[in-house]
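Chemist: need a structure here:
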Amino acid sequence: MTMESALSSSAPVPGFCQGIQYFADDWPEFARHAGEAVIGEGQSAVADPGSDDAVYQTLLGADALRYLTLQVTGSKGSGHPGGFASSADAYAALVMLGHTNIVTEVGHHAPGFYSAMFLDSSLEEMGIHTVEQMQQRFRERDGLLGHLSGAIPGLLAPAGPLGQGQHFAMAGALLHPERLFPVTIGDGGMGEPYVLNAMMHFHTAYPEVTNFLPVLVWNGYSQEHHSMVSRLDNGQMTAYWKGHGFEKVVLIDAKVFDDSGQEGDYVDSTRFSFDNRLAFTRAVLEGMDQAARAAMGGTLTAFIVKQLKGAGVHTVGAKSHNLYPADTLDQPHIIEGLRRRALPPRAWQIVRDNFRRAGGGPAVETVVTESVLDLAPLGELPKQAFAVGEKAVPATAMGALVAAVGRADPRFVVTNADGNEASAMKNINDALKIRHPTPDPLYNQEPGGQVYEPLNEDACAGLAAGLALFGSRALWLSYESFAINGWPIVQTVTQAMAELRRRTPSIVCMFTAGALEQGRNGWTHQRPEIENHFAAMMRNGNLFPLFPCDANGIQAAYEYATDSFNKGMVIIASKSPLPVYLDLQASRQAVERGAAVLYESDSGDRGTVVLAATGDMVFLPVFEARDRLEAAGYRVRVVAVVNPRQLYRPGDIAWDTVAEPDNGFMDDDHFNALFDGDVLIGVSGGPSACLEPVLLRTRAPRRDLFAWKRGETTASPAEIMAFNGITAGAIAARAQELA
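Modeler: Presented below is the predicted three-dimensional model:
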């Protein structure tokens, strides 16, 4: 039945259905099982998951999700319908059971999640009231982007790179023990080793937190081929999950219900007879209820739905994964897929009523990330004022403040894969304790500790980033050389924070600048190139790499980062005793303004040389170069570039496009007072990109850069700097050549 014929029939078409192209006649026994929504007014879930009405209307919900997913993607000849289609039964079951705090590991499921948010009316928050409007704004700017974003009303978290969604589910579960946090995981993404590894470590550290529920969508295919776990049988897949600590695994295999003669281990449940479709749906709904109750009751549980990828849309297998420009709504295979999934007009209102009531109301009003989580007050952090000229360890100075934050905020979590002691931050462990099931005072281990130490940077970064996105304070500590292994989720979360419609604490990281400190470990521990990644992200508008020059500076930097919202804050510092150049007040100003003068000559008649550096240990050769240049008759100004993001020009940065915007850029007069000279030499113990704003704005007629090249095994920081050409002699000689 076409839209036109539906309008001429006696069945009313709800207004939100404007744009739906195809409707169907009533299903068998529709009046008996769908006379009214099974989730009544004032209810938040089906009263009896085993009732015929609940099963019938769950199937209506699954097919409504499939239909919208295909029509919305077909409207643009773009997007990914196949993966979500095979999860639609499981997703609908979760909703009908009232569990709507759903996250996903699979960004390709975006059109299905958007369809769910449309059905429960959450998308009305962004002006999408009809199917036609949803189509218009799908994969368009200021609309429904191609992969999930937590900025979309009702959605809890972003999803793009595989292997991230479980972190959000675990963070939500930790913060909200009274809620269930399902996370859909595709079997294509099971090739990412971090998924089960992260959940296993989390369960070891937080055995009482079981209120997250992995929902494996086992459909046999990845994006362009069979999934790597497609050859496992049901027993092997169950054992795989149990081998990672899951005590209960509920597996529903569509093959058991197939009466349509489909070949292979993976079948399309929408091809079954109507009675067997209901039987499969009943198994999914009742199995999901068992899994959810077990997870909420203290048992680590996984739910697996096994059916063919693309079930119920235009084709199946990997070919259903995404649409191409030719896959438009006027093409026969898309039309046929839509006709097969079309619902009666009255069914759409039933589905909307159920989805809008599930969980206590539309997701935009009820999921945990739609409100700001209260934060424990910190007060003034107990900073230690180191005297200018003395030596102190930056990392240790920051550790004392981290301990204070943890004492004030019981939800605060510190994550570190390589160990705090190795980064001269044992004071964190002394105060907050490593979370471990084996109590041992020698190693500061306690089951209730606030320091989370899996030997996996992805797991460290994931939990910290997830907690920050969900509204709680957290800190990820790492060696700079290893941070790249966990950075993708921090990048994802930082971008998500830029889009959020609510305040949330910034994700704060501190990376030990091991390139210059890990000489004897060689190049494996000398990988500062990640700083170029930070530099590129500065232009996003809400990423701030911070380079405190000493122990006072790192305290100011950590306070600045902790007091901020909706940003990515990355502190780079050393774990060695280093000279203190600035007092606390000057350090605060340097962090806020972007840079500060550490030293300026009283005299010099051969011109002014500006030595501008990012880092702390790198100032050792910089100050030695100063001595040489002054001896040669030059006036020298040494400038610490502490917060390079603030040194850009406002037009360089997308600062006005992000949540919690910061336009505290240094003006020209202050910038020129710092960097004007006859020669400017930029120096970095890492790569050069973080000095870009200085080079863009400086009026110095002659300039050059000294920066990291590559790692090598060396006996001292001086030797590794010499290997990279960062020596006092080279700096001074180049300045004199330019002058």
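Chemist: In the stretch 351-500 of the chain, what residue spans correspond to strands?
Modeler: 391-392, 413-416, 434-435, 445-446, 451-452, 474-479 (DSSP state E, counting those that start in this stretch).
Chemist: The stretch 201-350 of the chain too?
Modeler: Listed in chain order, the strands of the stretch 201-350 of the chain (DSSP E, counting those that start in this stretch) span 212-218, 248-253, 301-306.
Chemist: tell me the most buried of the ones you listed?
Modeler: With neighbours taken as mean count of other C-beta atoms under 10 Å, the strands of the stretch 201-350 of the chain reach their highest mean count in strand 212-218, at a mean of 27. For the C-beta atoms, the positions are set from N, CA and C on the backbone; glycine is no exception.
Chemist: List the pairing partners of it within its sheet, with orientation.
Modeler: strand 181-186 (parallel), strand 301-306 (parallel) (DSSP bridges).
Chemist: right, so of these, which gets closest to Ala279?
Modeler: Nearest to Ala279 among those is strand 301-306; the distance by C-beta to C-beta comes to 14.3 Å.
Chemist: What strand or helix carries Ala722?
Modeler: Per DSSP states H and E: Ala722 is located in helix 717-723.
Chemist: one step back: the strands paired with strand 212-218: which one's closest to Pro437?
Modeler: strand 301-306 (19.9 Å).
Chemist: Ok, which of the strands of the stretch 351-500 of the chain comes nearest Phe113?
Modeler: Nearest to Phe113 among the strands of the stretch 351-500 of the chain is strand 474-479; the distance by C-beta to C-beta comes to 25.2 Å.
Chemist: Where do the strands of the stretch 1-150 of the chain begin and end?
Modeler: For the stretch 1-150 of the chain, the strands defined by DSSP E, counting those that start in this stretch occupy 103-104.
Chemist: For the residue of the chain positioned farthest from its centre, give its distance to Glu624.
Modeler: Distance from the C-alpha centroid of the chain, by C-alpha atoms, centre = their mean, peaks at Asp605 (53.8 Å). Distance, Asp605 to Glu624, using C-beta to C-beta, to the nearest Å: 22 Å.
Chemist: same question, Asn234
Modeler: Taken as C-beta to C-beta, the span from Asn234 to Glu624 is 68 Å.
Chemist: next one: Ile653
Modeler: For Ile653 relative to Glu624 (C-beta to C-beta), the value is 34 Å.
Chemist: For the stretch 1-150 of the chain, give me the ranges with low pLDDT.
Modeler: 1-10 (pLDDT under 70).
Chemist: Just want the most central residue of this structure.
Modeler: Centroid-nearest residue in the chain: Val493, 3.4 Å away (criterion: C-alpha atoms, centre = their mean).
Chemist: Would you confirm that that one contacts Leu469?
Modeler: Yes: judged on C-beta atoms under 8 Å, Val493 makes contact with Leu469 at a distance of 5.0 Å.
Chemist: which residues touch the residue lying closest to Glu421 once chain neighbours are set aside?
Modeler: Nearest residue to Glu421 in three dimensions, chain neighbours excluded: Asn429, at 6.7 Å (C-beta to C-beta, 6 or more residues apart in numbering). By C-beta atoms under 8 Å, 6 or more residues apart in numbering, the contact set of Asn429 is Asn420, Glu421, Asn444, Val451.
Chemist: Mind pulling up the pLDDT for Asn429?
Modeler: Per-residue pLDDT puts Asn429 at 97.
Chemist: Show me the shaky parts of the protein.
Modeler: Within the chain, the stretches with pLDDT under 70 are 1-10, 191-193.
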